[in-house]
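Asks: This is a predicted model, with the sequence first.
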Amino acid sequence: MPVARARRFATSRPAGSPLASGAVDVEGSVRLPAIAVDPVRAIGRRVLIALGVLAVVVFVVWIDRQGYNDTSDGEVDLLDALYYSTVSLSTTGYGDITPVSDSARIVNVLLITPLRVLFLIVLVGTTLEALTSRSRVQLRINRWRKTLREHTVVVGYGVKGRSAVTTLLSNGIEKDSIVVVDPQSEAIAEANEAGLTGIIGDATRSEVLRRVGVPVATRVIVTTGRDDTSVLATLTARQLNPKADVVVAVREAENVGLVRQSGADSVVISSDAVGRLLGLATVSPALGHVLEDLISTGEGLEVAEREVLPREEGRVPRQVDDLVIAVVRDDEVLPYHSPAIGHLLRGDRMVVVRPAEELPWAGRPGSREGTSATPRQDADDVVEEPGAG
């Protein structure tokens, strides 16, 4: 679809929509998840550092006490060493105790002066931390940009976006590899609380999608609240990355063609899906319960796609522990009853219904085969096809 046509389609956005009302906080700004720090522990650490610095200076002055002169009695004892160290580190410097020997003066120049600087930094650490927080955040952002590769971009962090992220996490996708884009600062703050990196901005703009790393992303999920915005965001993402898998949610079925023409690989019609689920739940409450269980994560049953394990090669789908409903072979989806499947081959992928909890045959991404229990090896595993010799 031409860009001009897509932009004309997107101009129907009402003035009260987030992108038109100026609700964007800072366009294109990156927000990384905050690193939690216990304030009591941080203060205690600073106090210990300050006491440690003071103890070192007291020890050094006491060892070289012959090189110091006390104007009151001429001698420096342990209390005088503590007194001199305190007033010296705090830069008070009354001048009643002074270093007179060359060694004492060298120690003051090479050791006590640097420790005095460290002591002052610890005392004003809160102020310095506030002043340098911006630099630290920018450093984290620069480091994050350098490592951003083959990640997943989620456009929109509303109800659909949050559900999509939850499903990704439950299927082994790491939080560090998910980046959220949303024009609302409140949504990005919520994503940060969930441990995700977020960028505030309009996903229909190529500059914002470049900041989020779409050109090097593996997947792009578009879950905006308006179909016109989804069309333009999809078109922009596809222009930046022709190879990424782009999955888009739309409200109305009539916009599916526009979204596919913009470059979407998969389109989910949210209103029709909800309507079908409502109708099925009305006709058959049990069927509605099962379908709701299948699309939810974390409990009961779930639908998943996984690779054929080495021990499953050469079997037929009904010999697999999971309930196989389709086989993906050479990018073609074959239903479970298709005679073209025959036996499972190396490199095949299966769409299965499996328990949500981890089981030996429910191969989760990142888990090793057979680590939780011994795979089932029954006599029923070897079943001959009808007519086999």
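Replies: Perfect, I can see it now.
Asks: For the rest of this, base every contact and every neighbour count on C-alpha atoms.
Replies: Will do.
Asks: After the one helix or strand residue 273 maps to, which helix or strand is next?
Replies: Per DSSP states H and E: residue 273 is located in helix 270-283. Next along the chain after helix 270-283, taking DSSP H and E as the criterion, comes helix 285-295.
Asks: Helix 270-283 and that following helix, what's the angle between them?
Replies: 140 degrees (axes from the mean of the first three to the mean of the last three Cα atoms, to 10 degrees).
Asks: okay, the helix or strand that comes right after helix 285-295 in PDB with CA atoms only?
Replies: Downstream of helix 285-295, the next assigned helix or strand under DSSP H and E is strand 301-307. Output in PDB follows, covering the C-alpha atoms of strand 301-307 (Å, rounded to 0.1, in the frame of the first residue of the first chain):
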ATOM      1  CA  LEU A 301      -3.800 -26.600  29.000                       C
ATOM      2  CA  GLU A 302      -2.000 -24.500  26.400                       C
ATOM      3  CA  VAL A 303      -1.400 -24.500  22.700                       C
ATOM      4  CA  ALA A 304       2.200 -24.300  21.700                       C
ATOM      5  CA  GLU A 305       4.600 -24.900  18.800                       C
ATOM      6  CA  ARG A 306       7.700 -26.900  19.400                       C
ATOM      7  CA  GLU A 307      10.400 -28.800  17.500                       C
END
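Asks: Tell me what angle strand 301-307 forms with helix 285-295.
Replies: 40 degrees.
Asks: list the helices and strands the helix or strand following strand 301-307 packs on?
Replies: Counting by DSSP H and E, the element after strand 301-307 in chain order, helix or strand, is strand 323-329. In terms of contacts (3 or more Cα pairs under 8 Å, 6 or more residues apart in numbering; DSSP states H and E), strand 323-329 is packed against strand 332-335, strand 349-355.
Asks: can we see that at 10 Å?
Replies: Packing contacts for strand 323-329, counted by 3 or more Cα pairs under 10 Å, 6 or more residues apart in numbering; DSSP states H and E, involve strand 301-307, strand 332-335, strand 349-355.
Asks: what pairs with the first one, and is each one parallel or antiparallel?
Replies: In other words, strand 301-307. With DSSP bridges as the test, strand 301-307 is paired with strand 349-355 (antiparallel).
Asks: got the angle for the strand it pairs with vs strand 323-329?
Replies: Relative orientation of strand 349-355 versus strand 323-329 (the same axes, to 10 degrees): 160 degrees.
Asks: And the strands in the stretch 1-150 of the chain?
Replies: Secondary structure of the stretch 1-150 of the chain by DSSP state E, counting those that start in this stretch: the strands cover 29-31, 68-70, 97-99.
Asks: what does the second one contact?
Replies: Strand 68-70 has contacts (Cα atoms under 10 Å, 6 or more residues apart in numbering) with 61-62, 74-77, 80-81, 84, 95-101, 103-105.
Asks: Just put the helices and strands packed on strand 323-329 in CSV and tack on mean neighbour count.
Replies: Putting the helices and strands packed on strand 323-329 into CSV (neighbours: other Cα atoms under 10 Å) gives the following:
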stretch, mean neighbour count
strand 301-307, 18
strand 332-335, 14
strand 349-355, 21
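Asks: ok, back up a step: what helices and strands are in contact with the helix holding residue 273?
Replies: Right, helix 270-283 is packed against strand 245-250, helix 285-295 by 3+ Cα pairs under 10 Å, 6+ apart.
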